[in-house]
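Student: sequence unavailable; structure follows:
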């Protein structure tokens, strides 16, 4: 889901549409479009027309909505589709990360590609593709799998795919009146969204720009997610933007230590890197981890028990005799490079 391709005309400006309360923390561009969590956000180069694969890894790891970057909790995971058969299936596999219902309905108001039948994608993979007239929204209970594989329209690069399952609700929006009515109902029933301090810190780090490095905060947050268990996502080493993590053995060595060594995750909280610190504080404070992250970590733990090397492309590892300070310093430098 992308917002605000400036080349497409709009019948309704984003400033005229009331935002859900849960979007209040998002920055807006000069036209009023919210800078959503899934798009690239390098300083001075916010790309509204393309999804960021490193950001998608962070969203999957921490189980966050691709629009507002807040957790799903007990809410359904919604996917937007323009294919009736896909939208009405019990399970859907999409290259886009799921969103909250109210975030999806807000997009149906302000996102040109979702709201306008004349809109066309602007990213390199789908450039010029015109969307069908009817928009389908499906709400799923679970995200069953997240994995990297080639996108159907792309011959060389791989992207993350999200498999959502156990569909519970479906909406069909044939025109703007239906979209407005559905969104107004959602606004009227919107409840206060409560999150804890560690969840808020993750959302803040993911949606605010970096200060020192001048790069997309999502790329830095992906490195932190790698340590928390994103390293063990199936096929992640082949995905766009992940080479810097997959090909440097230090990243996966640290992820394995976080997973396998008692006390190391707590010690790792002392790192000076605020992104890694936020990820590890979140990890250490959970009574129950999200289903996807749990499945990745369990699979890697089973690999370790069988004596198999780490999953993904990375190889080698850190010498366990090296000091904690040296590991933390290396992680900080690499993750903020």
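Tutor: Arrived safely. Just so it is clear, the structure is predicted and the values come from calculations on it, not from any experiment.

Student: quick one: the strands in this protein?
Tutor: Assigned by DSSP state E, the strands in the chain fall at 39-42, 45-51, 77-81, 91-94, 135-150, 158-173.

Student: out of these, flag the one nearest residue 307.
Tutor: strand 135-150 (23.9 Å; C-beta to C-beta). In short, each C-beta sits where N, CA and C put it, glycine included.

Student: could you say what helices and strands that closest one packs with?
Tutor: strand 77-81, helix 84-87, strand 91-94, helix 101-110, strand 158-173, helix 291-305 (3 or more C-beta pairs under 8 Å, 6 or more residues apart in numbering; DSSP states H and E).

Student: could you give the mean pLDDT of stretch 93-101?
Tutor: Averaged over stretch 93-101, pLDDT sits at 95.

Student: outside of it itself, list whatever touches it.
Tutor: 1, 22, 38, 51, 56, 59-60, 65-68, 70, 72, 75-81, 107, 137, 139-140, 143, 151, 159-164, 169, 186 (C-beta atoms under 8 Å, 6 or more residues apart in numbering).

Student: for residue 83, see how far away the most centrally placed residue in the chain is.
Tutor: In the chain, the C-alpha nearest the mean C-alpha coordinate belongs to residue 59, at 2.6 Å (C-alpha atoms, centre = their mean). Residue 59 sits 23 Å away from residue 83, going by C-beta to C-beta, to the nearest Å.

Student: same check, this time on residue 143
Tutor: 19 Å.

Student: which of those two has more residues huddled nearby?
Tutor: residue 143 (21 against 12; other C-beta atoms under 10 Å).

Student: what is the more buried one paired to in the beta sheet?
Tutor: On the basis of DSSP bridges, residue 143 is bridged to residue 164.

Student: show the contacting residues for residue 159.
Tutor: Residue 159 touches 51, 53, 56, 95, 148-151, 239-240, counting by C-beta under 8 Å, 6+ apart.

Student: tell me the most packed of those residues, by neighbour count.
Tutor: Neighbour max across the contacts of residue 159 (other C-beta under 10 Å) = residue 56, 28 neighbours.

Student: that residue contacts residue 158, doesn't it?
Tutor: No - the pair residue 56 and residue 158 does not pass the contact test of C-beta atoms under 8 Å, sitting 11.8 Å apart.

Student: could you check how many residues crowd around residue 252?
Tutor: Residues near residue 252, counting by other C-beta under 10 Å: 28.

Student: actually residue 272, not the one I wrote
Tutor: Residues near residue 272, counting by other C-beta under 10 Å: 11.

Student: pLDDT below threshold where in the stretch 201-337 of the chain?
Tutor: Applying pLDDT under 70 to the stretch 201-337 of the chain picks out residues 211-213, 312-337.

Student: please disregard the earlier target; I meant the stretch 51-200 of the chain.
Tutor: 112-132, 153-155.

Student: pull the contacting residues for the residue nearest to residue 282 when sequence neighbours are not counted.
Tutor: In space, and not counting its chain neighbours, residue 282 is closest to residue 198: 4.2 Å by C-beta to C-beta, 6 or more residues apart in numbering. Applying C-beta under 8 Å, 6+ apart to residue 198 gives the contacts 278, 281-282, 285.

Student: filter the residues you listed down to the buried ones.
Tutor: 278, 281-282 (16 or more other C-beta atoms under 10 Å).

Student: among the residues you listed, which ones are in helices?
Tutor: In this view, those that belong to helices under DSSP state H are 278, 281-282.

Student: out of those residues, which comes closest to residue 26?
Tutor: Using C-beta to C-beta, these come closest to residue 26 at residue 278, 17.7 Å.

Student: is it true that that closest one touches residue 205?
Tutor: Yes - using C-beta under 8 Å, residue 278 is in contact with residue 205, at 5.2 Å.

Student: overlap of the contact sets of these two?
Tutor: Joint contacts of residue 278 and residue 205 (C-beta under 8 Å, 6+ apart) are residue 224.
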